[in-house]
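Peer 1: Give me a 3D structure for the following:
(chains A, B, C and D)
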Protein chains: 2
Amino acid sequence: MMKYAGQTRFLVAVDCIIFGFDGENFKLLLIQRGFAPEKNKWSLMGGFVQPHESLEVGAQRVLKQLTGLEGVYLEQISAFSEPNRDPVERTIVVPYFALIDIQKYQAQLSSDYHAEWFLLSEKPQLIFDHEQMVEMAKMRLRYKAALHPILFELLPEKFTLPQLQTLYEKLYDTTFDKRNFSRKVLSTGLLVKQDEKDKENSRKGAFYFKLDKEKYYDNFQAFLKFIPNPEKFLI
Amino acid sequence: MMKYAGQTRFLVAVDCIIFGFDGENFKLLLIQRGFAPEKNKWSLMGGFVQPHESLEVGAQRVLKQLTGLEGVYLEQISAFSEPNRDPVERTIVVPYFALIDIQKYQAQLSSDYHAEWFLLSEKPQLIFDHEQMVEMAKMRLRYKAALHPILFELLPEKFTLPQLQTLYEKLYDTTFDKRNFSRKVLSTGLLVKQDEKDKENSRKGAFYFKLDKEKYYDNFQAFLKFIPNPEKFLI
DNA sequence: AAATTAAGTGTCATAATAACAATTTATAAA
DNA sequence: TTTATAAATTGTTATTATGACACTTAATTT
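Peer 2: This is a model prediction of the structure:
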């Protein structure tokens, strides 16, 4: 089915940049590339778009095939299209970044697949321009998370305020005043305090909170201001 | 040069959504499609990506070829990839939106090309999924302009505060208090008041302002708050 | 029982915001 | 020449949001 005569067709791929948070640090999910060139080198999860699927569907398929993950939060970022970015054959790639709760998918991941979590600070060299994609995804995440409450996607169902604050502090590589932080977070009305405490990480223990799912979905696009002076971090 | 065996290649296109502002209303630049199908129907400026160009370069080339415009502010938005979006042959399209000063390019446009400005409210039916692209670009513009000072791209070198306010009011389909608006705008330090007045639009005349270009480029990513309660407009 | 460690909480001064209306300027009309 | 008109320009105030700052509480460990 080639009806627009005289035009060049291109390979189109999707790559998935999957961020996780282990309670202490950001992590990145990587696999070892299964085919040449750069076979066995660490790489983002990627694959070619198939004839009858959209980019979004392709990204979900690739993610499922390579990691077993389904139904995760995916967001498209700017396409990479430098003619020589793939040395084998020109490929235009549309990257997606995703945020997932590491614990939730740990069993699934470790049993069936060979994807591995790396601390963002200790990630190995990646193939092609995947480093750039990770960098761009991180910038995008910083931008988006400064305005919208998406970081909850990285946390388990129950989490503590200190955990949430650490998450934000690690993303922006800074520290926040805990009194101001909790005031802002709680003022959104998105969090519901639980009776139970997390006793793993301190003697006193920290109360768990859950997301108010309904408010969360309603307010997903709402502007928040968890980050003081966002312009300091987003330039 | 097909080295990744067994994979399907796709046509990849770029479409340009060009916004302008005539001092009173938003406008959209359209052309009549020059080839079948839908020949002579109104359409965005689009074209297929060529073998040795990136998407960005392709978008600039298409824009130049079809309108004569060069070096305009272009920003990529999310790719459209539904398998049947182009009835002739599957095409994945990466749209770019642009903001230009209508006056600046009017001569160029009308002499050599057949692109035409339409009021956004009076635009004709567009081919394929171009309506969706325009809608998405408009949403993206509203989002971006609420946070960053990009709307100046739509104005001539000299402009008045009432003009600027009208621009914002039309984009968000609302009205703002002019005292608060001018306070916010002027507090950015981006505007330099001129001695001259615009006497076209009122008896008293309104002072012209120019952008402080240096500050503008430095602060392009800076957060502004021209729009009160942005969450009202961006959901 | 005392020491330790992290969680949890409150105040205050300053800045930002939104709501609000009177004055000024230049032209047009009388 | 004076008056009317229309839009531009300008300031105040009450409220809210913000950021800076330090002590108290809870539970475990020694």
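
Peer 1: Which SSE is immediately downstream of the helix or strand where A:F209 lies?
Peer 2: Per DSSP states H and E, A:F209 falls inside strand A:206-211. Counting by DSSP H and E, the next helix or strand C-terminal to strand A:206-211 is helix A:213-218.

Peer 1: and that next one, which residues are buried?
Peer 2: A:215-216 (16 or more other C-beta atoms under 10 Å in any protein chain shown). The C-beta positions use only the backbone N, C-alpha and C, and glycine is treated the same way.

Peer 1: and what of stretch A:62-69?
Peer 2: A:62-63, A:66-69.

Peer 1: before we move on, what about stretch A:35-42?
Peer 2: A:38, A:42.

Peer 1: can you give me the end-to-end distance of that stretch?
Peer 2: From its first residue to its last, stretch A:35-42 covers 11 Å (C-alpha to C-alpha, to the nearest Å).

Peer 1: repeat for stretch A:71-91
Peer 2: First residue to last in stretch A:71-91 (C-alpha to C-alpha) measures 26 Å.

Peer 1: now do stretch A:123-137
Peer 2: First residue to last in stretch A:123-137 (C-alpha to C-alpha) measures 15 Å.

Peer 1: Those residues of chain A touching DNA strand C, which are they?
Peer 2: Counting by C-beta under 7 Å from any atom of the strand, chain A comes close to DNA strand C at A:160-162, A:178-180, A:182-183, A:197, A:201-207.

Peer 1: So which other helices or strands are in contact with the lowest-mean-pLDDT helix or strand in chain A?
Peer 2: Using mean pLDDT, DSSP states H and E, helix A:102-112 stands out as the lowest-scoring helix or strand of chain A, at a mean of 76. Judged by 3 or more C-beta pairs under 8 Å, 6 or more residues apart in numbering or on different chains; DSSP states H and E, helix A:102-112 is in contact with helix A:55-67.

Peer 1: Show residues contacting the helix it packs on.
Peer 2: A:12, A:14, A:16, A:18, A:29, A:31, A:45-50, A:53, A:69-72, A:74, A:76, A:94, A:96, A:98, A:105, A:108-109, A:113, A:115, B:79, B:81, B:92 (C-beta atoms under 8 Å, 6 or more residues apart in numbering or on different chains).

Peer 1: Now it: average pLDDT?
Peer 2: On average, the pLDDT along helix A:55-67 is 94.

Peer 1: now it against helix A:102-112, angle please.
Peer 2: 60 degrees (axes from the mean of the first three to the mean of the last three C-alpha atoms, to 10 degrees).

Peer 1: after helix A:55-67 comes which helix or strand?
Peer 2: Criterion used, DSSP H and E; the element after helix A:55-67 is strand A:73-76.

Peer 1: now that next one: how far from the chain's centre is it?
Peer 2: 8 Å (C-alpha atoms, centre = their mean, to the nearest Å).

Peer 1: How about that strand and chain B, any contact?
Peer 2: Yes: Strand A:73-76 reaches chain B (C-beta under 8 Å from any C-beta of the partner chain) through A:Q76.

Peer 1: Of all the residues in that strand, which ones are buried?
Peer 2: For strand A:73-76, using 16+ other C-beta under 10 Å, the buried residues are A:74-76.

Peer 1: burial of the residue in chain A that chain B sits nearest to, as a residue count?
Peer 2: In chain A, the residue that lies nearest chain B is A:R9 (3.3 Å; C-beta to the nearest C-beta). For A:R9, the neighbour count with other C-beta atoms under 10 Å in any protein chain shown is 18.

Peer 1: Direction included, what does the longest strand anywhere in chain A pair up with?
Peer 2: Ordering each strand of chain A by length in residues (DSSP state E) puts strand A:11-21 first. Using DSSP bridges, strand A:11-21 pairs in its sheet with strand A:26-32 (antiparallel), strand A:45-48 (antiparallel), strand A:91-99 (parallel).

Peer 1: most residues in a single helix of chain A, which one?
Peer 2: helix A:130-147 (DSSP state H).

Peer 1: quick one: buried residues of that helix?
Peer 2: Residues A:130, A:133-134, A:136-138, A:140-142, A:145-147 are the ones in helix A:130-147 that count as buried (16+ other C-beta under 10 Å).

Peer 1: sorry, back to before: are any of the contacts of helix A:55-67 buried, and which?
Peer 2: Here, 16+ other C-beta under 10 Å leaves A:12, A:14, A:16, A:18, A:29, A:31, A:45-49, A:53, A:69, A:72, A:74, A:76, A:94, A:96, A:98, A:105, A:109, A:113, A:115, B:79, B:81, B:92 buried among the contacts of helix A:55-67.

Peer 1: quick one: which of the buried residues of helix A:130-147 is nearest DNA strand C?
Peer 2: Using C-beta to the nearest atom of the strand, A:L147 comes nearest to DNA strand C of the buried residues of helix A:130-147, at 14.2 Å.

Peer 1: in chain A, what spans have low per-residue confidence?
Peer 2: Where chain A drops to pLDDT under 70, the residues are A:1-2, A:110-113, A:221-235.

Peer 1: Just send the strands paired with strand A:11-21 back as CSV, with distance to B:K41 too.
Peer 2: Below are the strands paired with strand A:11-21 laid out as CSV (distance: least, C-beta to C-beta, whole Å):
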stretch, distance to B:K41
strand A:26-32, 45
strand A:45-48, 33
strand A:91-99, 27
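
Peer 1: Which one of the buried residues of strand A:73-76 is nearest to A:R85?
Peer 2: Checking the buried residues of strand A:73-76 against A:R85 by C-beta to C-beta gives A:Q76 as the nearest, at 17.5 Å.

Peer 1: For the closest one, which non-adjacent residue is closest in space?
Peer 2: Distance criterion C-beta to C-beta, 6 or more residues apart in numbering or on different chains; nearest residue to A:Q76, sequence neighbours excluded, is B:S78 at 5.0 Å.

Peer 1: I'd say that neighbour and A:L74 touch.
Peer 2: No: if you go by C-beta atoms under 8 Å, B:S78 and A:L74 don't touch, sitting 11.6 Å apart.

Peer 1: how far does stretch A:84-98 stretch from start to finish?
Peer 2: Per C-alpha to C-alpha, the first residue of stretch A:84-98 is 26 Å away from its last.

Peer 1: still on that earlier bit, got the angle between the longest helix of chain A and helix B:130-147?
Peer 2: 70 degrees.

Peer 1: Now the element after helix A:130-147, going C-ward?
Peer 2: From helix A:130-147, the next helix or strand downstream (DSSP H and E) is strand A:159-160.

Peer 1: And A:E53, how far from B:I92?
Peer 2: 11 Å (C-beta to C-beta, to the nearest Å).

Peer 1: how far is stretch A:82-99 from where the chain is centred?
Peer 2: On C-alpha atoms, centre = their mean, the centre of stretch A:82-99 falls 18 Å from the chain's centre.

Peer 1: same thing with stretch A:177-195?
Peer 2: 23 Å.

Peer 1: Tabulate the CA atom coordinates of that stretch in PDB.
Peer 2: Only the C-alpha atoms of stretch A:177-195 are listed here, as PDB (Å, rounded to 0.1, in the frame of the first residue of the first chain):
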ATOM      1  CA  ASP A 177      11.300  23.100  54.700                       C
ATOM      2  CA  LYS A 178       9.100  20.300  56.000                       C
ATOM      3  CA  ARG A 179       6.700  22.600  57.700                       C
ATOM      4  CA  ASN A 180       6.000  24.500  54.500                       C
ATOM      5  CA  PHE A 181       6.000  21.300  52.400                       C
ATOM      6  CA  SER A 182       3.400  19.500  54.500                       C
ATOM      7  CA  ARG A 183       1.300  22.600  54.700                       C
ATOM      8  CA  LYS A 184       1.200  22.900  50.900                       C
ATOM      9  CA  VAL A 185       0.700  19.200  50.300                       C
ATOM     10  CA  LEU A 186      -2.100  18.900  52.800                       C
ATOM     11  CA  SER A 187      -3.800  22.000  51.600                       C
ATOM     12  CA  THR A 188      -4.600  20.300  48.300                       C
ATOM     13  CA  GLY A 189      -7.000  18.000  50.000                       C
ATOM     14  CA  LEU A 190      -5.500  15.200  48.000                       C
ATOM     15  CA  LEU A 191      -4.200  13.200  50.900                       C
ATOM     16  CA  VAL A 192      -6.100  11.100  53.400                       C
ATOM     17  CA  LYS A 193      -4.400  10.400  56.700                       C
ATOM     18  CA  GLN A 194      -4.400   6.700  57.800                       C
ATOM     19  CA  ASP A 195      -4.400   5.500  61.400                       C
END
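
Peer 1: That's all I had, so thanks and see you.
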